[in-house]
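> Structure of the sequence below:
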Amino acid sequence: MTDTSPILLWFRRDLRLSDHPALAQACDSGRPVIPVFINDDVVAATGAAARMRWGLSIAAHADALMNKESRLILRRGNPVDVLRQLIRDTGAGAVWWSRLYDPDCIARDRTVKQALKDDGIDARSFDGHLLFEPWTVETGTGGFYKVFTPMWRNVRDRELPGTRAAPDQLTTPTDWPESDALSDWDMDAAMNRGADVLRPWCVVGEDAARQRLATFVQHQMSDYQKNRDVPSKKDGTSGLSENLTYGEISPLACWHAGQRQLQDGSKDAETFLKELVWREFAYHLIYHTPRIATDNWREDWNGFDWNTDERRAEVIAWKQGRTGIRFVDAAMREMYVTGTMHNRGRMIVASYLTKHLLCHWRIGQKWFQDHLIDWDPASNAMGWQWSAGSGPDATPYFRVFNPVTQLDKFDKDRHYVKAWLAEDYAAPSDTACAYFDAIPRRWGMSPDDAYPDPIVSADAGRKAALDAYSTFKD
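Next comes the predicted model:
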């Protein structure tokens, strides 16, 4: 007999309608499709800025489904309990979802799949979050890649399926189950007054993400190699990490856009494609070595004497953008206002924390998790360990970014610094002043404060880092 029972389509970090294998197959089945989003422990554990941004994405996706005469059912709780209740409410015979690859999501999804299969339900996962499934990219000896460049050479010429448009319509059930109201979830509650400052910087939803990609390809990709390291250039990068985080656009759409530009003669397109594969590399690592999310990937680094006390004055100064090192402070304040940070800034602030201040990379990883709207469990973990020297394909520990000379090189005219630091200027920019509207009042900071002297100078910090590394090696 043909199964006509509804399919529960469990959305997570795949909040789009196009290039969605699970949705496409559900629509092709002709069965009623009931889209679901579950506010579970994984969602609740997300940092404040990311959780707020996730809520905006959920709202945009609900609107997109409504335009297809469908709807997004919202429920809160343990996924096994929620899905079992929805199955009872709807008579659904299947639950489908897009795979995720970090340890917490893998553990959750295995539990859900086994429980539903024990109930006789068709529990099935699909691809779509990555270009290449982690088990499909192997070295010549059959293992996973631990160095980026060989992985890039392996995958750069692989054939990938074409993009797929959003379905014209979704078959709907006769009766819809009850749904929570998104407003009752208070996804932005932890942001406090910072929510109003950050929200206008967000580019939300599938339509906005696809337009962002189109604009980047048409106007910015040709100068990507030159402009991507200049933090004052707002259009120097694609900005798509925000949208990829919530699955508002597929990596496949980005890949094919870059490939078309490469075939049309744009040399900068290859750099863009490498950035997509760098994201893949992070996910392959977290899938094959999940310890990268919480522990030193290079296990010999477990003996390094990191500072782990977040109450120390220099750690607080780093978090508040008051280190006295302008590149570091400007980048930290940019993150607090916009929920993002320029990639060059991410390298500088991470190097300063882990090397100049000799603080554990986990301190920075957790701070970024709470403040980035494009927070990604794999990229954030790998990026911090790359900077600290404890990760795969890492920058050598003796390579210590000098934040002063880096500023001279990448912000020679101080446009970036002026955009984010108020204390140096009689008439500070609106963006610099916005920082003081976003931060907790208890910090007691004001644009009228004097800019601090460096807590650790570039030269002294480098010497301390090299001395510590020498002692560690010995």
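
> Remind me what the longest strand seen in the chain packs against, helices and strands.
For the chain, the longest strand by residue count, based on DSSP state E, is strand 33-39. Judged by 3 or more CB pairs under 8 Å, 6 or more residues apart in numbering; DSSP states H and E, strand 33-39 is in contact with strand 7-11, helix 21-29, helix 48-67, strand 73-76, helix 79-90. In short, each C-beta sits where N, CA and C put it, glycine included.

> and those, which is most packed in?
Ranked by mean neighbour count, these are led by strand 7-11 with a mean of 26 (mean count of other CB atoms under 10 Å).

> Return the residues in contact with the residue lying closest to W176 once chain neighbours are set aside.
Distances taken as CB to CB, 6 or more residues apart in numbering place R71 nearest to W176, at 6.3 Å, with adjacent residues excluded. Applying CB atoms under 8 Å, 6 or more residues apart in numbering, we find R71 in contact with P35, A62, L65, W176, S179.

> How about the first one: which residues does it bridge to?
Think P35. Using DSSP bridges, the beta-bridge partners of P35 come out as L9.

> And it, how close does it get to D14?
11 Å (CB to CB, to the nearest Å).

> mind listing the helices in the stretch 201-350 of the chain by residue range?
206-215, 224-227, 241-245, 251-263, 268-288, 313-320, 326-338, 343-351 (DSSP state H, counting those that start in this stretch).

> how far away is the residue nearest to W176 from A64?
11 Å.

> what about E242, distance to A464?
E242 sits 35 Å away from A464 when distances are taken as CB to CB.

> Quick check on the two: which one has the bigger neighbour count.
Taking other CB atoms under 10 Å, E242 and A464 do not tie; E242 has more neighbours (28 against 16).

> Shouldn't D408 be within a helix?
Yes - D408: assigned to a helix according to DSSP: H, G, I helix; E, B strand; the rest coil.

> Now for D329, how many residues are close by?
D329: 26 surrounding residues under other CB under 10 Å.

> Would you list the phi and psi of the closest residue to it other than its chain neighbours?
Leaving aside its chain neighbours, D329 sits nearest to G321 (4.1 Å; criterion: CB to CB, 6+ apart). With angles defined as degrees, to the nearest 10, G321 sits at phi 70, psi 40.

> G321 is in contact with V337, isn't it?
No - using CB atoms under 8 Å, G321 makes no contact with V337, being 10.2 Å away.

> Next, show the common contact partners of the two.
W420, Y435.

> next one: the longest strand of the chain to chain centre, how far?
Here strand 33-39 shows a centroid-to-chain-centroid distance of 22 Å under the convention CA atoms, centre = their mean, to the nearest Å.

> how many degrees apart are it and helix 21-29 in direction?
With axes from the mean of the first three to the mean of the last three CA atoms, to 10 degrees applied, the angle from strand 33-39 to helix 21-29 works out at 150 degrees.

> now the angle between strand 7-11 and strand 33-39, please.
Using the same axes, to 10 degrees: strand 33-39 against strand 7-11 is 40 degrees.

> rewinding a little: in the contacts of R71, find the pair that's most separated.
Across these, no pair lies farther apart than A62 and W176, at 12.8 Å, counting by CB to CB.

> circling back: output the contacts of R71 as a markdown table; include the columns distance to D448 and pLDDT.
Listed next are these as a markdown table, based on distance: CB to CB, whole Å; pLDDT from 0 to 100:
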| residue | distance to D448 | pLDDT |
| --- | --- | --- |
| P35 | 50 | 98 |
| A62 | 44 | 98 |
| L65 | 48 | 98 |
| W176 | 55 | 98 |
| S179 | 48 | 98 |
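
> out of those, which one sits closest to P447?
Checking those against P447 with CB to CB, the nearest one is A62 at 39.0 Å.

> Just confirm that closest one contacts S183, I think it does.
No - contact status for A62 versus S183: not in contact, 11.8 Å apart, counting by CB under 8 Å.

> Least reliable of the helices of the stretch 201-350 of the chain by average pLDDT, please.
In terms of average pLDDT, helix 224-227 trails the rest of the helices of the stretch 201-350 of the chain, at a mean of 93.

> And it, what's buried?
By 16 or more other CB atoms under 10 Å, the buried positions in helix 224-227 come out as Y224, N227.

> Please save the CA atoms from that helix in PDB.
Coordinates of each C-alpha in helix 224-227 appear next as PDB, following Å, rounded to 0.1, in the frame of the first residue of the first chain:
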ATOM      1  CA  TYR A 224      38.000  39.500  -2.900                       C
ATOM      2  CA  GLN A 225      41.600  38.500  -2.500                       C
ATOM      3  CA  LYS A 226      42.700  42.100  -2.100                       C
ATOM      4  CA  ASN A 227      39.800  43.400   0.100                       C
END
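
> Which strands or helices does that helix pack on?
Applying 3+ CB pairs under 8 Å, 6+ apart, one finds that helix 224-227 makes contact with helix 268-288.

> How many residues are close by the residue lying closest to A60 once chain neighbours are set aside?
Nearest residue to A60 in three dimensions, chain neighbours excluded: G205, at 3.3 Å (CB to CB, 6+ apart). Neighbourhood size, G205 [other CB under 10 Å]: 22.

> separation between G205 and P21?
G205 sits 20 Å away from P21, going by CB to CB.

> same question, H129
Here H129 is placed at a distance of 10 Å from P21 (CB to CB).
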